[in-house]
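[1] Provide a 3D model corresponding to the input given below.
(one chain, ligands or ions: 3)
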Amino acid sequence: MIVNTGKSSPSKARVNRLGLESKQYRGAKTTLCAGCGHNAISERIIGACYEMGVNPERVIKLSGIGCSSKSPAYFLGSSHGFNAVHGRMPSVGTGAMLANRDLIAIGVSGDGDTGAIGIGQFVHLMRRNLPIIYIIEDNGCYGLTKGQFSPTADQGSALKTGVINDLPPIDTCALAIELGATFVARSFSGDKKQLSAILKAAFSHRGTVMLDVLSPCVTFNDHEGSTKSYAYAKEHDDPLEEISFVPFFEDIEVEYEPGTTREVEMHDGSKLFLKKLAEDYNPLDKIQAMRVLSETRMRGEYATGVIYVEPDRDDFLTMLNLVDEPLAKLGPSTVRPPKPVLDKIMAALK
Ligand SMILES: Cc1ncc(C[n+]2csc(CCOP(=O)(O)OP(=O)(O)O)c2C)c(N)n1
Ligand code: SF4
Ligand SMILES: [Mg+2]
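    Residues are numbered from 1 along each chain as shown. Ligands and ions are numbered 1, 2, ... in the order given. You can find the predicted model right below:
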């Protein structure tokens, strides 16, 4: 049980800890289809940023190509943004974070953008532990180009036309864990509570957050025979734990029966409380994470929740030993080698 010990919760206040109103986190009006899962995810991002008191002017929104990749236009209208080429968002994001380590990167991709044309960039992003919240809005199809199967479509699932997918899917969560991502989660666009808690925790993580969100395409992939429809996702959602998140700036005590809840301390001191459901799941255990993903997949279910977290590993920028001052802000006198040094280099090349 979570008990508020006095201070009012930012979620209930009119303004958050930065003095900003929720509407200041909104973007343009969506042009996606009514009922598209991607719209619900944009709403959860707006809510999580507001409640966490994320400064929108420090955020860079990055995406590739697809309906999903259009969605950064619909949240955080005052943030930086870059809509990259199809599947190439990871390299643009890496460059942006190397140039300015003060930014908070939110990448939004699709299952096609990530799993097909972008898979090469995705795997290298996952092994670097770049600080970025990388969200896959996963509808199992190429929504923007009229609903063809994507690489996350399940074997045996059917298109509206009756065509059956013969290929096994790529499980982006298993791939991300295997490759070294340090916060891997899966959720469903229709699960407001779980998705909000995961997104809030994501802002407290230092390193790569890979969040796969089942996000039904109501126009091309919401029929019987689809395993990415609202009905299928609701019926086959197998949550690993009940998640509560307490940010470091909130004065909240959490009371729980010993043995029922696991506490994970995040990098900034925020706390993730994971209440045991059927199995005693430990998201710090990589082997168990891979086993549970594999077992649930074989049962035709989706394991959702925080699947794997490694709160203490150095991120890419720390590994590179970058100076604290963002590179983009260093003046020429700092970054340009002095003349004697250049002369020495030139002499060595003669
Ligand atoms: C280089 C290139 N190849 C192909 C396309 C065509 N194309 C546009 S979006 C897309 C797939 C989008 O699927 P996904 O990432 O799953 O996004 P969704 O629309 O489903 O949200 C494709 C193949 C393109 N725009 N650029
Ligand atoms: S076509 Fe599908 S993915 Fe694209 S906006 Fe419409 S419902 Fe969403
Ligand atoms: Mg898609």
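
[2] drop to CA atoms for contacts and neighbour counts, all remaining ones
    Will do.

[3] Show me which residues of the stretch 251-350 of the chain sit near ligand 3.
    Residues of the stretch 251-350 of the chain lying close to ligand 3 by CA under 5 Å from the ion: none are found.

[4] Show me the helices in the stretch 251-350 of the chain, by range?
    286-298, 316-319, 332-335, 339-349 (DSSP state H, counting those that start in this stretch).

[5] With the stretch 1-150 of the chain instead?
    For the stretch 1-150 of the chain, applying DSSP H, counting those that start in this stretch gives helices covering 37-52, 67-70, 89-99, 111-112, 119-128.

[6] Can I get the longest one as PDB, trimmed to CA atoms?
    Below are the C-alpha coordinates for helix 37-52, written out as PDB (Å, rounded to 0.1, in the frame of the first residue of the first chain):
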ATOM      1  CA  GLY A  37      -2.700   2.700 -30.000                       C
ATOM      2  CA  HIS A  38       0.100   5.200 -30.800                       C
ATOM      3  CA  ASN A  39      -2.200   8.100 -29.600                       C
ATOM      4  CA  ALA A  40      -2.600   6.500 -26.200                       C
ATOM      5  CA  ILE A  41       1.200   6.100 -25.900                       C
ATOM      6  CA  SER A  42       1.600   9.900 -26.700                       C
ATOM      7  CA  GLU A  43      -0.900  10.600 -23.900                       C
ATOM      8  CA  ARG A  44       1.100   8.500 -21.400                       C
ATOM      9  CA  ILE A  45       4.400  10.200 -22.400                       C
ATOM     10  CA  ILE A  46       2.800  13.600 -21.800                       C
ATOM     11  CA  GLY A  47       1.500  12.400 -18.400                       C
ATOM     12  CA  ALA A  48       4.900  10.900 -17.300                       C
ATOM     13  CA  CYS A  49       6.900  13.900 -18.300                       C
ATOM     14  CA  TYR A  50       4.500  16.200 -16.500                       C
ATOM     15  CA  GLU A  51       4.500  14.100 -13.300                       C
ATOM     16  CA  MET A  52       8.200  13.600 -13.300                       C
END
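
[7] And it, what does it pack against?
    Packing partners of helix 37-52 (3 or more CA pairs under 8 Å, 6 or more residues apart in numbering; DSSP states H and E): helix 192-202.
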